[in-house]
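Participant: requesting a structural model of the entry that follows:
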Amino acid sequence: MMNLIDSEVKTKIWVISLTKATERRAAFKATLEGAPLDWDFYDAHTGVSPDLTYSEKTSTRLNGRPMQRGELGCYSSHHQLWKWLIDSQDYDQMLVIEDDVHMDWNYVLDIKGTDFAKLGIEYLRLFAKMPAAWRFMASPFLDKYRHLVQFTGYPLGTQVYLLTKSGARKFAAKAKNLEAPIDVYMDRTWEHGVLNLAIFPFPAFERHQASSIGEERFTQISRPLHEKILGVPPRVRRRLQSLWLQWGFSGLQARRLKKSLKASRP
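Facilitator: I've put the predicted structure just below:
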């Protein structure tokens with residue numbers, strides 16, 4: 001069995017939260033009382049960071065609507081944290097959490113010393129919002145009660161995930177142009193090459209409360225016919241890519257990972 005615990009692996013926990021969200025911060029902090037974890041709040045962005053580019057026209061053509069301000073800020077926040085990890089000399093991986101999540105901290109204590117890079121896992125979801133298509137990768141995984149799955153659809157959500165340096169590099173390399181919300185981008189394995197993996201059952205859940213991004217993101221706007229037509233080819237292409245991911249085997253990367261993980265079963 002592979003030794004997954006490495007005392008040299010350093011995991012940073014970042015909790016994304018708006019500076020004005022004092023009640024959310026207080027509620028989140030209360031759940032961590034006494035837990036010996038290396039964590040800090042990360043002040044969420046409220047717009048597009050200078051190193052990213054965004055075109056409202058392109059977003060409307062591809063998605064049927066412009067991205068909302070909250071979505072732009074969310075994208076920027078996660079992107080900046082990826083860059084932070086890439087540049088960090090002290091940490092090998094990070095756990096990114098949004099402040100409306102309730103975590104099983106005992107589980108985090110158990111896995112924070114796991115060398116996920118050694119396992120070949122670059123990105124690991126600990127929550128998802130949608131019941132998307134998936135397949136087993138390793139069962140059981142890390143302990144006898146949980147399993148590793150690969151999402152091949154759009155599970156959506158960035159509420160909580162673990163990321164290694166190599167995963168951060170791949171995400172950041174293709175993320176400069178904002179063409180879709182950050183969770184949609186992260187689900188598109190074919191764009192950045194990062195497998196969409198998750199722990200199941202999830203060791204986290206999202207609190208029931210109003211979204212800080214807002215509900216306007218679900219609203220389509222009226223557009224001229226020629227603009228709708230221009231948006232058809234890229235949407236068809238992405239639909240075909242999504243179907244390939246779902247019904248194909250996702251390439252050599254996934255096959256190698258599935259094979260190597262057999263050695264880590266408890």
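Participant: output the below-cut-off pLDDT ranges for this protein.
Facilitator: Low-confidence segments of the chain, defined by pLDDT under 70, are located at 1-7, 209-235, 237-239, 241-251, 263-266.
Participant: show me where it has its strands.
Facilitator: 11-17, 39-43, 53-54, 93-98, 101-103, 123-125, 134-138, 147-151, 160-164, 177-178, 197-200, 204-206 (DSSP state E).
Participant: wait, which of those strands is closest to residue 62?
Facilitator: Across the strands of the chain, residue 62 has its closest neighbour in strand 177-178 (10.5 Å, Cβ to Cβ). C-beta here means a position set from N, CA and C on the backbone, and glycine is covered the same way.
Participant: strands paired with that closest one, and their directions?
Facilitator: Strand pairing for strand 177-178, determined by DSSP bridges: strand 53-54 (parallel).
Participant: which residues sit against the partner strand?
Facilitator: With contact meaning Cβ atoms under 8 Å, 6 or more residues apart in numbering, strand 53-54 is reached by 48, 67, 72, 176-178.
Participant: could you do stretch 145-153 as well?
Facilitator: Contacts of stretch 145-153 from elsewhere in the structure, counted by Cβ under 8 Å, 6+ apart, are 121, 125, 128, 130, 132-142, 187, 195-201, 203, 242, 245-246, 250, 254, 261.
Participant: just the buried residues from those, in ChimeraX please.
Facilitator: Here is the ChimeraX command that selects only those of the contacts of stretch 145-153 that count as buried (16 or more other Cβ atoms under 10 Å):
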select :121,125,128,132,133,134,137,138,141,142,187,195,196,197,198,199,200,203,242,245,250,254,261
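Participant: so which of the contacts of strand 53-54 is surrounded by the most neighbours?
Facilitator: Neighbour counts for those (other Cβ atoms under 10 Å) peak at residue 67, which has 25 neighbours.
Participant: so who does that residue touch?
Facilitator: 54, 56, 59, 75, 178, 180-181, 217.
Participant: for residue 15, state which of the residues you listed is nearest.
Facilitator: residue 75 (17.5 Å).
Participant: find the nearest non-adjacent residue to that closest one, please.
Facilitator: With sequence-adjacent residues excluded and distances taken as Cβ to Cβ, 6 or more residues apart in numbering, residue 75 is closest to residue 182, at 4.2 Å.
Participant: so what's the one you found up against?
Facilitator: Listed by Cβ under 8 Å, 6+ apart, the contact set of residue 182 reads 71, 74-75, 78-79, 158.
Participant: can I get the residues you listed in JSON lines with distance to residue 29 and neighbour count?
Facilitator: Rendered in JSON lines, the data for those read as follows (distance: Cβ to Cβ, whole Å; neighbours: other Cβ atoms under 10 Å):
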{"residue": "71", "distance to residue 29": "26", "neighbour count": "22"}
{"residue": "74", "distance to residue 29": "21", "neighbour count": "23"}
{"residue": "75", "distance to residue 29": "25", "neighbour count": "26"}
{"residue": "78", "distance to residue 29": "21", "neighbour count": "27"}
{"residue": "79", "distance to residue 29": "25", "neighbour count": "23"}
{"residue": "158", "distance to residue 29": "20", "neighbour count": "22"}
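Participant: mind listing which of the residues you listed are in helices?
Facilitator: 71, 74-75, 78-79 (DSSP state H).
Participant: using CSV, lay out the contacts of residue 67 together with distance to residue 16.
Facilitator: Formatted as CSV, the entries for the contacts of residue 67 read as follows, by distance: Cβ to Cβ, whole Å:
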residue, distance to residue 16
54, 19
56, 24
59, 22
75, 11
178, 17
180, 19
181, 15
217, 17
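Participant: just the buried ones out of those residues, please.
Facilitator: Neighbour counting by 16+ other Cβ under 10 Å classes 54, 59, 75, 178, 180-181 among the contacts of residue 67 as buried.
Participant: nearest to residue 86 among those?
Facilitator: After measuring the buried ones among the contacts of residue 67 against residue 86 - Cβ to Cβ - the closest member comes out as residue 75, at 16.7 Å.
Participant: excluding its backbone neighbours, what's nearest residue 37?
Facilitator: Counting by Cβ to Cβ, 6+ apart, the nearest residue to residue 37 once its immediate chain neighbours are dropped is residue 13, at 5.7 Å.
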